[in-house]
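Student: Sequence first, then the predicted structure:
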Amino acid sequence: MSYKSSNPELKKVMADLKAESIYLILPLFLLVGTKIYFDSWQSIFLVADWSLASCIIFGNMTYKISRSVARLDGRSNHHNYGFYTARRFFMVVLAMFFYFGMLVKPTMFLGVLQVFLFIYAIVLHFVDGVAASKLENLVNREKSKP
């Protein structure tokens, strides 16, 4: 993911998020390679690991935002935060639904949907990561004021 900005702080945040995403994606690349080597390409979609990874990503980003909002000590819009939390909780539950569905009765349709869910989770990883960084910067600015 290429991102060009003149803001050095944003460049650092994006570099951190890219590094995190490599650690999230690397096991799935190994899974894909193993499945292609030992099995057919269709079997890549028939494993539940995609939705499990999505669930972890959604949960991790919800935690990061929650931690930042908690550090604001009530200086945030709780209605927007509540809506954000409800959406991310829905995504965690949806990822679990796909995970259990793939464990019980794996289908190609469900498998392809869970891969798209994983791609969406990676995109939100960057969106939420930038938002969490902005919140942390706001907290740090507030704490540094005399």
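Tutor: Alright, I've got the coordinates. Numbering: from 1, shown residues only.
Student: Every contact and neighbour count from this point should use C-alpha atoms.
Tutor: Will do.
Student: residues contacting Ser66?
Tutor: By C-alpha atoms under 8 Å, 6 or more residues apart in numbering, no residues touch Ser66.
Student: Check what pLDDT it gets.
Tutor: Looking at Ser66, its pLDDT reads 84.
Student: what's the answer for the one 10 residues further on, then?
Tutor: According to the predicted model, the pLDDT of Ser76 comes to 64.
Student: Please apply the same query to the one 5 residues further on.
Tutor: Note for Tyr81: predicted pLDDT of 81.
Student: Give me the distance between it and Tyr23.
Tutor: 28 Å (C-alpha to C-alpha, to the nearest Å).
Student: Kindly report the same for Thr85.
Tutor: Thr85 is 24 Å from Tyr23, by C-alpha to C-alpha.
Student: Likewise for Ile119?
Tutor: Counting by C-alpha to C-alpha, the gap from Ile119 to Tyr23 is 15 Å.
Student: go on, Gln42?
Tutor: Gln42 is 24 Å from Tyr23, by C-alpha to C-alpha.
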